[in-house]
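> turn this into a model:
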Amino acid sequence: MTGQNSSDWLGLSGRVSVVTGGGGGIGRAVAVSLAQAGARVAAIDRDERGLEVTRAALRELGDGHVVVRCDTTSAESVSAASETIEKSLGPCSVLVNTAAVLRPGGLDALSLEEWNAVLAVNLTGYFLCAQTFGRQMRALGRGSLVHIASIAASHAQGKSGAYSVSKAGVVMLSRQLASEWGPQGIRSNVVSPGMVITPMSQSFYDTPGVTERRSAVVPVRRVGMPQDMADAILFLASDRASYVNGDEITMNRERVLTDAKSRALELVRSGYKPPVMRSDIPAPGENILATLKLGVHLMRQGEYISDHEVKIGNKVAEVLCGGNVSPGMPVSEQYFLDLEREGFKSLCGEKKTQERIQYTLKTGKTLRN
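Down below sits the predicted model:
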């Protein structure tokens, strides 16, 4: 986005918007973009030099913006920053959590200090800021939270220390906030960057050939930049996403697919072959099937089970025994799978089964069988 958004299409004009990690990278891009959209921006970070660069960028867009040094891992620091921002700009209605650190290392040798340091910034800090600024949102009766996670949240990155774990926590934190605060007019969503160049990842992309190789697997043939993330974040923060809550935008999932393909090729090269389905399994057959069905009948006679459970029991017995074949008859795995599929389809046609499925879909609870 460039220039002032005079039409306020996003509905962010005048909204007090707090950006953690605002001293650089995605955070600075978000802060500047919010200011361009007419928001009153507060960039917070513990990087004072970075904040000064952000301050200068915001000053070029006009007055009504502040930068505040804040350690988001400290409840006292976050509380003090929120008071300063509320006095200067008013109550917060948009919070964007972008602050993050990465301390690489294998889990076998990762120290507890390094583990806690990453979780403190990448997860606990998000919780503290959401909780603190969320109080102001509840007083307003509206608000939007956007948190930066990563494709590492769903696709573990080896030797990344606690990073993948922390980002997975961010996704679930956002969903819980959405669930708890949604009725109060507050939304919470996630943007999960894939391949993007930021100050934290810059050294990796400085390696010759890395940018070219990664660009080649992205449909638009380029690696993402902080502004690409900022554009998605502004949408989620805005009224244009008023019906989006507890959701996640994944920016270029191709990295996940590419890594999965590479892993599959490695397995093939190492000699891996998919298992061959057996065709000589001795099915228990009609004698055992008759015994099981008799047991089911006796349980019904004793009123221990219902008519519907009789049907389920008989279908399960048929699958286990291979149907009415002769005892010990060789059958294939596919034969059992076909029996299971047909039994499942048959039971799904039962009115009682359909009622139970509807009950589970509506309540999230399961009934017996």
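
> could you double-check that residue 222 lies in contact with residue 215?
Yes: under the criterion of C-beta atoms under 8 Å, residue 222 makes contact with residue 215 at 5.2 Å. The way it works is simple: take the backbone N, C-alpha and C, and place the C-beta from them, glycine included.

> how near is residue 100 to residue 118?
9 Å (C-beta to C-beta, to the nearest Å).

> can you pull the contacts of residue 147?
96-97, 126, 130, 170, 173-174, 188-191 (C-beta atoms under 8 Å, 6 or more residues apart in numbering).

> how about residue 331?
279, 281-283, 322, 325.

> measure it to residue 337 for me?
11 Å.

> tell me the SS of residue 38?
coil (DSSP: H, G, I helix; E, B strand; the rest coil).

> and it, how many neighbours?
Residues within reach of residue 38, counting by other C-beta atoms under 10 Å, total 21.

> find the nearest non-adjacent residue to it, please.
residue 13 (3.3 Å; C-beta to C-beta, 6 or more residues apart in numbering).

> and the gap between that neighbour and residue 93?
Taking C-beta to C-beta, one finds residue 13 at 12 Å from residue 93.

> who's more crowded, these two?
The neighbour comparison of residue 13 against residue 93 (other C-beta under 10 Å) goes to residue 93, with 23 against 15.

> quick one: that one from residue 141, how far?
In terms of C-beta to C-beta, residue 93 sits 10 Å off from residue 141.

> can you name the residues in contact with stretch 309-318?
In contact with stretch 309-318 (C-beta under 8 Å, 6+ apart) are residues 289, 292-293, 296-297, 299-300, 305, 339, 343, 346-347, 350, 368-369.

> switch to 7 Å and redo it
Stretch 309-318 is touched from outside by 289, 292-293, 296, 300, 339, 343, 346-347, 350, 369, with contacts defined as C-beta atoms under 7 Å, 6 or more residues apart in numbering.

> any idea which of these has the most stuff around it?
That'd be residue 289 among the contacts of stretch 309-318, by other C-beta under 10 Å, with 22 neighbours.

> can you tell me which residues contact that residue?
317-318, 321, 324.

> just the buried ones from those, in ChimeraX syntax?
Entered in ChimeraX, the line below selects the buried ones among those, by 16 or more other C-beta atoms under 10 Å:
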select :317,318,321
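
> the strands in the protein, which residues?
All strands of the chain, identified by DSSP state E, fall at 16-20, 40-45, 66-69, 94-97, 143-148, 186-193, 248-251, 281-283, 329-331.

> could the ones you listed be laid out in JSON lines, adding distance to residue 264 and mean pLDDT?
Compiled in JSON lines, the strands of the chain are given as follows (distance: least, C-beta to C-beta, whole Å; pLDDT from 0 to 100):
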{"stretch": "strand 16-20", "distance to residue 264": "38", "mean pLDDT": "98"}
{"stretch": "strand 40-45", "distance to residue 264": "41", "mean pLDDT": "98"}
{"stretch": "strand 66-69", "distance to residue 264": "47", "mean pLDDT": "98"}
{"stretch": "strand 94-97", "distance to residue 264": "35", "mean pLDDT": "98"}
{"stretch": "strand 143-148", "distance to residue 264": "30", "mean pLDDT": "98"}
{"stretch": "strand 186-193", "distance to residue 264": "23", "mean pLDDT": "96"}
{"stretch": "strand 248-251", "distance to residue 264": "21", "mean pLDDT": "88"}
{"stretch": "strand 281-283", "distance to residue 264": "29", "mean pLDDT": "90"}
{"stretch": "strand 329-331", "distance to residue 264": "31", "mean pLDDT": "89"}
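
> filter the contacts of residue 331 to the buried ones?
Buried among these (16+ other C-beta under 10 Å): 283, 322, 325.

> how close does residue 238 sit to residue 144?
For residue 238, the distance to residue 144 - C-beta to C-beta - is 8 Å.

> the two: who's more crowded?
The residue with more neighbours, out of residue 238 and residue 144, is residue 144; 25 against 22, by other C-beta under 10 Å.

> okay, and the beta partners of that one?
residue 94, residue 187 (DSSP bridges).

> that one and residue 42, how far apart?
In terms of C-beta to C-beta, residue 144 sits 15 Å off from residue 42.

> just residue 25 next, same as before
17 Å.

> neighbour-wise, which of those two wins?
Set residue 25 next to residue 42 and count neighbours by other C-beta under 10 Å: residue 42 wins out with 30 against 24.

> now the end-to-end length of stretch 233-250.
Across stretch 233-250, the terminal residues are separated by 11 Å (C-alpha to C-alpha, to the nearest Å).
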